[in-house]
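coordinates only, sequence not included:
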């Protein structure tokens, strides 16, 4: 394979699935989006990918595709009870719309690392070039702790409404039951993705250019 990795200047010697292949049930892996990758950016975050897959496939209200993925998730928990205890270390029972479920703290740093990698890959795939900058990540589907446990107003609801108001142009994806995507062109050449996993978990990712980041710190 020739060319550079979709995330760095290293040689591309393999292909990375976007989103990661493990997010898809076995029967929905044909036609997956792939981008040229170095070994580090293909395999270096595999533990984070596993963690994020386990988290989002267990969210309340996800579809049947997530249920199939969760069968794999359960096997990983069976093989490593410690992994399960770390993932759901502070789980507490709650009720949502009359359904009994559980809530737990999500490691947002790991989640954001995986979502940034997905955003870099999608940008490369759809626009044919690398994004030379960072990505900001916000997940509207994850709720504030005080709101979940105490019923207090969620301080991020205004920001959620702002993100929801964007005009996202649908992008072609092979298996929308697993992953769907829209793009919103913002001012000054920036853009935002709206990523939806298992028809339930929504993640927003928007570009941040390095030049702007450097200027803003002065």
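On my side now, so go ahead. Note that the structure is a prediction, hence the values are computed from the model and not measured.

which residue ranges of the protein form helices?
39-43, 46-56, 64-79, 81-87, 108-127, 145-150, 157-164, 210-216 (DSSP state H).

other SSEs contacting the longest strand seen in the chain?
When the chain is parsed with DSSP state E, its longest strand is strand 201-209. Counting contacts by 3 or more C-beta pairs under 8 Å, 6 or more residues apart in numbering; DSSP states H and E, strand 201-209 packs against helix 108-127, strand 133-138, strand 191-197. Heads up, the C-betas are built off the backbone N, CA and C, glycines and all.

just to revisit the earlier point, indicate which one of the helices of the chain is closest to residue 201.
Comparing the helices of the chain against residue 201 with C-beta to C-beta, the closest turns out to be helix 46-56 (4.7 Å).

ok, residues contacting that closest one?
Residues outside helix 46-56 that contact it (C-beta atoms under 8 Å, 6 or more residues apart in numbering): 20, 22-23, 62, 66, 69, 73, 76-77, 83, 87, 106-107, 110-111, 113-115, 197-198, 201.

least confident of the helices of the chain, on average?
Comparing mean pLDDT across the helices of the chain, the lowest value falls on helix 210-216: a mean of 40.

residues in contact with residue 92?
Neighbours of residue 92 in contact, by C-beta under 8 Å, 6+ apart: 102-104, 149.

how about 6 Å then?
residue 103 (C-beta atoms under 6 Å, 6 or more residues apart in numbering).

how near is it to residue 69?
24 Å (C-beta to C-beta, to the nearest Å).

picking that back up, among the contacts of helix 46-56, which ones are buried?
With burial judged by 16 or more other C-beta atoms under 10 Å, the buried subset of the contacts of helix 46-56 is 20, 22-23, 62, 66, 69, 73, 76-77, 83, 87, 106, 110-111, 113-115, 197-198, 201.

between the helices of the chain, which one is nearest to residue 16?
Within the helices of the chain, the stretch nearest residue 16 is helix 39-43; the backing value is 4.7 Å (C-beta to C-beta).

nearest to the spatial middle of the chain, which residue is it?
residue 115 (3.8 Å; C-alpha atoms, centre = their mean).

pretty sure it contacts residue 137?
Yes. Using C-beta atoms under 6 Å, residue 115 makes contact with residue 137 at a distance of 4.8 Å.

which neighbours do these two share?
Counting by C-beta under 6 Å, 6+ apart, the residues touching both residue 115 and residue 137 are residue 205.

hang on, the earlier thing: what sits up against the longest strand of the chain?
Residues contacting strand 201-209 (C-beta under 6 Å, 6+ apart): 56, 59, 115, 119, 131, 133-141, 163, 190-196.

repeat the analysis, applying 7 Å as the threshold.
When contacts are defined by C-beta atoms under 7 Å, 6 or more residues apart in numbering, strand 201-209 is touched by residues 56, 59, 62, 115, 119, 131, 133-141, 163, 190-196.

and residue 32, how many residues sit next to it?
Counted with other C-beta atoms under 10 Å, the neighbours of residue 32 add up to 19.

what's the closest non-adjacent residue to it?
Nearest residue to residue 32 in three dimensions, chain neighbours excluded: residue 17, at 5.2 Å (C-beta to C-beta, 6 or more residues apart in numbering).
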